[in-house]
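*Asks:* Generate coordinates for the sequence data below:
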Amino acid sequence: MQDIHKQLDWLISGTDDVVSPALLKEKLEKSQATGRPLTVKLGVDPTAPDIHLGHTVVIEKLRQFQELGHTVVFLIGDMTGRIGDPTDRAATRKQLTADEVKAFAATYIEQARKILDADRLTLRYNSEWLEPMQLADTIRLMGQMTIARLLERDDFHNRFTEHVPIYFHELLYPLMQGYDSVALKADVELGGTDQRFNIMTARQIQEAYGLEPEVGIFLPILEGTDGVRRMGKSLGNYVGISEPPEEMYGKIMSIPDTLITRWAMLLLGENRTVWEERVQSENPRDVKADLAKRLVTRFAGEDAAVAAQEAFDRKFREHQVPEDMPSVAMPSNPWQVSAIECVAAMPDVPSKQEARRLLQQGAVVLDGNRLAVTDVLSIAAGSWMRIGRRRYYRFTV
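*Replies:* Residues are numbered from 1 along each chain as shown. Below you'll find the predicted structure:
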């Protein structure tokens, strides 16, 4: 793809913001004229062992730069990871040991190679330049930003006004991440929209060290399987890219229809208009099945995806549910509730005593799974419940 305008359109597609498109165009033109590929950076602090689909939105954009022949740097923040990114944190993160970070980093790298071309991937660790820093180097770095500017961050500002402790090592995080861009001489940095402060800080620090500022490319945050909150393991609404194929497929099939087009666009790079038309003109379940199969194929291979689809279809046929059923409005989405209270809230269940009896008899099924008396549920909009053989209900907001 030699045409700069086509490259620019492709690289900007699906992003939330680019700072700035004009600078990116200038860098692409200079790269083409000199034959020097751009250095494109993605920093990852391995503070947990798993990569989920939400992480892959940014990694997919990194792969596009890779396909255009640029130098892609997958930066493991083994040093910053010991602090932990304070972004969106209401309290100080638990500091990880070097061994914990190293173990998590190993799994991150293995999973990232499912998306990126390992032969064209430059792997770096920021301990290479942060660990040897002398006190004079740290003081110079700290002199590039004021405390007032740091406290403009929503997370720090909220903690400061609510008298929640902020420790000095946390204030260093955006400066250290910014210095990564100095050490790598990064031309472009990718991140989610939650990384805006950190990436804009990196641009400022690069200029202070006499470098041209990098282009900041910000990708949308992917909603989880509940269709409401950002995908996260702690929220239980994630799809891990190393999960068993059948589990991946089933989770993807559970997403609301309203997410199909957005997931196709952000995770597969598909055209929004084409998928919107598909969802409107075809059975949304079939379109969702296509999405699920393609995503499982990407991370587990075609044979595994076909097997997962067949297993899901067998289970679906066994638990066939009607298209039309009475709706039950939930007080929240997701609805955290005990099985007894949930069943007792159904229109034809007169009491908790009757709800308990139905559960004890194994007569209640939620999304194909039989419930027990002691179960505690997290029900998302679109889920269905069967009581007995013929009473079906769909949960709505």
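*Asks:* May I have the distance across stretch 235-255, first residue to last?
*Replies:* 15 Å (C-alpha to C-alpha, to the nearest Å).
*Asks:* what's next to it, contact-wise?
*Replies:* Contacts to stretch 235-255, defined as C-beta atoms under 8 Å, 6 or more residues apart in numbering, come from residues 50-54, 56, 107, 111, 114, 224-227, 229, 231-233, 263, 285, 288-289, 291-293, 295-296, 299-300, 304-305, 307-309, 311-312, 367, 378, 380, 382-383. Backbone N, C-alpha and C define where each C-beta goes, glycine included.
*Asks:* buried residues in it?
*Replies:* Within stretch 235-255, the residues scored as buried using 16 or more other C-beta atoms under 10 Å are 237-241, 243, 245-246, 248-255.
*Asks:* Show me where the stretch 151-300 of the chain dips below the pLDDT cut-off.
*Replies:* Low-confidence segments of the stretch 151-300 of the chain (pLDDT under 70): 234.
*Asks:* which residues in it form strands?
*Replies:* For the stretch 151-300 of the chain, applying DSSP state E, counting those that start in this stretch gives strands covering 188-192, 215-219.
*Asks:* what is the orientation angle of the first one with strand 215-219?
*Replies:* Here strand 188-192 points in a direction 20 degrees away from that of strand 215-219 (axes from the mean of the first three to the mean of the last three C-alpha atoms, to 10 degrees).
*Asks:* Pairing partners for strand 188-192, with directions?
*Replies:* Strands adjacent to strand 188-192 in the sheet, as given by DSSP bridges, are strand 39-44 (parallel), strand 215-219 (parallel).
*Asks:* Of those, which is nearest Met346?
*Replies:* Closest approach to Met346 among these is made by strand 215-219 (41.1 Å; C-beta to C-beta).
*Asks:* Tell me which residues touch the spatially most central residue of the chain, please.
*Replies:* Nearest to the mean C-alpha position of the chain, by C-alpha atoms, centre = their mean, lies Gly54 at 1.7 Å. Going by C-beta under 8 Å, 6+ apart, Gly54 touches Ile221, Leu222, Gly224, Arg230, Met231, Gly232, Tyr238.
*Asks:* Adding distance to Arg153, write the residues you listed out as CSV.
*Replies:* Output for these, formatted as CSV (distance: C-beta to C-beta, whole Å):
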residue, distance to Arg153
Ile221, 17
Leu222, 22
Gly224, 24
Arg230, 18
Met231, 23
Gly232, 20
Tyr238, 25
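*Asks:* ok, of those residues, which one's closest to Val72?
*Replies:* The nearest member of the contacts of Gly54 to Val72, counting by C-beta to C-beta, is Leu222 at 20.8 Å.
*Asks:* give me the element the nearest residue to the closest one once chain neighbours are set aside is part of.
*Replies:* Nearest residue to Leu222 in three dimensions, chain neighbours excluded: Gly54, at 4.2 Å (C-beta to C-beta, 6 or more residues apart in numbering). Using DSSP states H and E, Gly54 sits within helix 53-67.
*Asks:* Pull up the pairing partners for whatever helix or strand comes next after that helix, direction included.
*Replies:* Downstream of helix 53-67, the first helix or strand assigned by DSSP H and E is strand 71-76. Looking at strand 71-76 with DSSP bridges, its partner strands are strand 39-44 (parallel), strand 121-125 (parallel).
*Asks:* Would you single out the least confident of these?
*Replies:* Mean pLDDT is lowest for strand 121-125 among the strands paired with strand 71-76, at a mean of 88.
*Asks:* show me where the stretch 201-350 of the chain has helices.
*Replies:* Here the stretch 201-350 of the chain has its helices, by DSSP state H, counting those that start in this stretch, at 245-253, 260-268, 272-281, 284-300, 302-318, 339-344.
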